[in-house]
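Enquirer: sequence-free structure coming up:
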């Protein structure tokens, strides 16, 4: 394989890795935000169920 072919292969590999990193970074914040919203929703439902039994909610 020529030097130019090896260089093209290395550059292509680097671009594929960069693309994967960019996709992972783009998905990080939406996923983190969704997890936070779901956690708060679950906590609100749990607190509502506790209050339903006329017991004081300890925070």
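Expert: Great, that's in hand. Remember, predicted model here, so these are calculated numbers, not experimental data.

Enquirer: going forward, measure contacts and count neighbours with C-alpha atoms only.
Expert: Will do.

Enquirer: can you list contacts of stretch 3-16?
Expert: Applying Cα atoms under 8 Å, 6 or more residues apart in numbering, stretch 3-16 has no contact partners.

Enquirer: What of stretch 23-38?
Expert: By Cα under 8 Å, 6+ apart, stretch 23-38 touches no other residue.

Enquirer: Distance from it to the middle of the chain?
Expert: 4 Å (Cα atoms, centre = their mean, to the nearest Å).

Enquirer: before we move on, what about stretch 18-25?
Expert: The answer for stretch 18-25 is 12 Å, by Cα atoms, centre = their mean.

Enquirer: go on, stretch 13-24?
Expert: With Cα atoms, centre = their mean, you get 17 Å for stretch 13-24.

Enquirer: Next, count neighbours for residue 50.
Expert: 14 (other Cα atoms under 10 Å).
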